[in-house]
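[1] Everything below, folded, please.
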Amino acid sequence: MYYKEDYCNHKKNLLQYIETGNLNNAEEILSAYNNYRECFDSILDYNEESVTRMVSTLNQYRSVCLNVFDKLPNAGQKALGYTIMEEFFYLFFQKYIYVLGINNENLFLGKGNSYVSLSFTPKSFEGILENVNPYIHSKDQDFVLGISVDINVKSGNKETTQSTILPVVAIECKTYLEKNMLDSCANTATRLKNAMPYCIYMVASEYMKMDEASPELTDIDEVYILCKAKNSERLSRSQQGLPPLVIDSSLIYDLFQRVRKHLNSIWWSPEDAVSNGKVICRP
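    Predicted coordinates:
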């Protein structure tokens, strides 16, 4: 198995919630989840048709579970609702890396903390001579594909090593996107790209919950509204007991194509600038 179950956060939360006995239709939901995983795992191609099949089996699971999750207390909704997409991106890209035959112990995929900056907080001028006290700042991502690195700081006889993740792709997952969430994502995108200019940062929200915003003025590379609908439609359908709107497979494929192109690109090659005619090849 090429998945690390520790990063299957939705499955972990689902099993924990079922154990509490507070989840209606628990047997049906668990059966639907297991069927989703089995169907998903059986698809090994990454063409548009295959991605459509992956998203279709995801939508089948969502049709069984989401209305039940919506009736849970707020904490339960958060633990189970948005983690579906968080886990989906982990499964999707972990399998893609497996299919490509990439096997590197430093490769990281899943929910994690990405490096954003390094600061120093010595106790005093006298203290700085003994310990510069380095501190790595990191930011939590719902999904990150990157490399685990160790940052070593040596000053005099004092040496400090801290581990962190250098992000290449970061995806923030939302059930719905409102203005304050977008502002927070924009701030994160800027911090990530200051640390790693060749990181692409995307927001994947199922629904939209804002009228005015200017994401094109931020460092966010793309905002996907996966159900192509407003959050009011989600709430209305849930209240009426109607099945949820589906994730649009063409948007997942578009996101995948963006990531695949990025992973296959040369990011920084100044020695080829004259022949290419381009120096800065940021995504």
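[2] what about the helices in the stretch 1-150 of the chain?
    9-20, 26-41, 48-70, 74-80, 83-100, 125-128 (DSSP state H, counting those that start in this stretch).
[3] Buried residues, the longest strand anywhere in the chain. List them.
    Longest strand in the chain by number of residues (criterion: DSSP state E): strand 134-155. For strand 134-155, burial by neighbour count (16 or more other Cβ atoms under 10 Å) applies to 134, 136, 138-139, 141-146, 153, 155. Every C-beta, even on glycine, is put in place using the N, C-alpha and C of the backbone.
[4] how far off helix 9-20 does that strand point, in degrees?
    With axes from the mean of the first three to the mean of the last three Cα atoms, to 10 degrees defining the directions, strand 134-155 sits at 130 degrees from helix 9-20.
[5] following strand 134-155, which helix or strand comes up?
    Where DSSP states H and E defines the elements, the next helix or strand beyond strand 134-155 is strand 158-177.
[6] quick one, that following strand and strand 134-155 angle?
    Using the same axes, to 10 degrees: strand 158-177 against strand 134-155 is 160 degrees.
[7] so whichever helix or strand comes after strand 158-177 versus strand 134-155, what angle?
    Once the chain leaves strand 158-177, the next helix or strand it forms, by DSSP H and E, is helix 179-195. Interaxial angle of helix 179-195 relative to strand 134-155 (the same axes, to 10 degrees): 10 degrees.
[8] next helix or strand past helix 179-195?
    That would be, after helix 179-195 and using DSSP H and E, strand 200-208.
[9] so how far is the longest strand of the chain off the chain centroid?
    16 Å (Cα atoms, centre = their mean, to the nearest Å).
[10] still on that earlier bit, so which of the buried residues of strand 134-155 comes closest to residue 78?
    Relative to residue 78, the closest of those is residue 142; by Cβ to Cβ it sits at 11.9 Å.
[11] What strand or helix carries residue 223?
    strand 222-225.
[12] Parallel or antiparallel, list what pairs with that strand.
    strand 200-208 (parallel) (DSSP bridges).
[13] Outside of the partner strand itself, which residues are in contact with it?
    85, 89, 168-177, 182, 185, 188-189, 192-193, 215, 219-227, 229-231, 233-234, 247, 255, 258-259, 262, 283 (Cβ atoms under 8 Å, 6 or more residues apart in numbering).
[14] From those, keep the buried residues only.
    Looks like the contacts of strand 200-208 have 85, 89, 168-177, 182, 185, 188-189, 192-193, 215, 219-227, 229-231, 233-234, 247, 255, 258-259, 262, 283 buried, using 16+ other Cβ under 10 Å.
[15] what's the closest of the buried residues of strand 134-155 to residue 240?
    Using Cβ to Cβ, those come closest to residue 240 at residue 142, 29.2 Å.
[16] For that closest one, list the residues it contacts.
    By Cβ under 8 Å, 6+ apart, the residues touching residue 142 are 82, 85-86, 89, 111, 171-173.
[17] tell me the least confident of those residues?
    Lowest pLDDT within the contacts of residue 142 is found at residue 82 (86).
[18] so who does that residue touch?
    Per Cβ under 8 Å, 6+ apart, neighbours of residue 82: 142, 173-175.
[19] repeat for residue 173
    Neighbour list for residue 173: 82-83, 85-86, 89, 142-143, 204-205 [criterion: Cβ under 8 Å, 6+ apart].
[20] now these in JSON lines, with distance to residue 52?
    Putting the contacts of residue 173 into JSON lines (distance: Cβ to Cβ, whole Å) gives the following:
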{"residue": "82", "distance to residue 52": "23"}
{"residue": "83", "distance to residue 52": "23"}
{"residue": "85", "distance to residue 52": "17"}
{"residue": "86", "distance to residue 52": "21"}
{"residue": "89", "distance to residue 52": "16"}
{"residue": "142", "distance to residue 52": "23"}
{"residue": "143", "distance to residue 52": "21"}
{"residue": "204", "distance to residue 52": "17"}
{"residue": "205", "distance to residue 52": "20"}
